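Chemist: okay, sequence plus prediction incoming.
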Amino acid sequence: MDILDEIKEDIKIVAILYPAISLVMLAYTNRFLEISKVVRILHDKYSAIDASITDTVTNVKKTDYQDKLANLVELKNKNAKQISKLLNRVAVIRAMQLLGILSIVFCTVSVVTLINGSEKWGIRFFQYSAISLGLSLLLTVYEIFNSSNALDVETKDVKQYLKTIKEKRQSCLSKLSRFPFKT
């Protein structure tokens, strides 16, 4: 094989990364957009709670005041926690996107340096590209675990409700088991 054939083979190997990086970047962007939408919705709810608190303070009788206000404050705290977790996820996704972009840049520089005949630098930039992509994917794993935690905050009340229902069902079944039934 002559030098031109070797360069073509090196470029083919580097070019394999291009579609993978593009798909990863598309997935990151979709995640970012969806989380941003959820943050906006939660922020609107958060703002609406402030209005409800003001309304409660001015219009509710003193006897109902404390319970309603406590519920609103609890809901506001839950939304604040959720928004905080989502903003952390957005920061991680930005880092994932940055590393993905660096990977594309390094891959492009690798192709250019290989075309110009600098195999040493072409391989080095390819390694940088692969490392950037790998770090980006590691952050993806971290972000997936963060998304699970954010869902736990959001569904905590549903889990508590289901636990209560299960306990009531067990209680009823144990009470029924005390009665002798004739078959």
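Modeler: Arrived safely, thanks for sending.

Chemist: report the central residue of this structure.
Modeler: Closest to where the C-alpha atoms of the chain average out (CA atoms, centre = their mean) is residue 147, at 4.1 Å.

Chemist: so what's it up against?
Modeler: residue 89 (CB atoms under 8 Å, 6 or more residues apart in numbering). C-beta: built from backbone N, CA, C; applies to glycine.

Chemist: which intervals of the protein have sub-threshold pLDDT?
Modeler: Along the chain, the parts satisfying pLDDT under 70 run over 1-19, 46, 50, 53-65, 149-151, 153-154, 157-158, 179-183.

Chemist: do a quick rundown of the helices in it.
Modeler: For the chain, the helices defined by DSSP state H cover 3-15, 17-59, 62-115, 119-177.

Chemist: quick one, the last one and helix 62-115 angle?
Modeler: An angle of 150 degrees separates the directions of helix 119-177 and helix 62-115 when computed by axes from the mean of the first three to the mean of the last three CA atoms, to 10 degrees.

Chemist: do the same with the second one
Modeler: For helix 17-59 against helix 62-115, the angle by the same axes, to 10 degrees is 160 degrees.

Chemist: quick one: residue 129 from residue 113, how far?
Modeler: 12 Å (CB to CB, to the nearest Å).

Chemist: for these two, indicate the residue with more neighbours.
Modeler: When residue 129 and residue 113 are compared for neighbours, residue 129 comes out ahead with 24 against 20, by other CB atoms under 10 Å.

Chemist: contacts only, for the closest residue to the more buried one other than its chain neighbours.
Modeler: If the residues on either side of it in the chain are set aside, residue 129 comes closest to residue 106, at 3.6 Å by CB to CB, 6 or more residues apart in numbering. By CB under 8 Å, 6+ apart, the contact list for residue 106 reads 125, 126, 128, 129, 132.

Chemist: now distance to residue 69 too, for the residues you listed, in TSV please.
Modeler: Listed next are these as TSV, based on distance: CB to CB, whole Å:
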residue	distance to residue 69
125	60
126	61
128	56
129	56
132	50
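
Chemist: what's the burial count for the closest residue to residue 135 other than its chain neighbours?
Modeler: Among residues not flanking residue 135 along the chain, residue 99 sits closest, at 5.1 Å (CB to CB, 6+ apart). By other CB under 10 Å, 21 other residues sit near residue 99.

Chemist: which of the helices of the chain sits most buried?
Modeler: Neighbour counts (mean count of other CB atoms under 10 Å) averaged over each of these peak at helix 62-115, with a mean of 17.

Chemist: from residue 101, how far out is the nearest residue to residue 102 once chain neighbours are set aside?
Modeler: Once flanking residues are discounted, residue 102 sits nearest to residue 132: 4.4 Å by CB to CB, 6+ apart. Counting by CB to CB, the separation of residue 132 from residue 101 is 9 Å.
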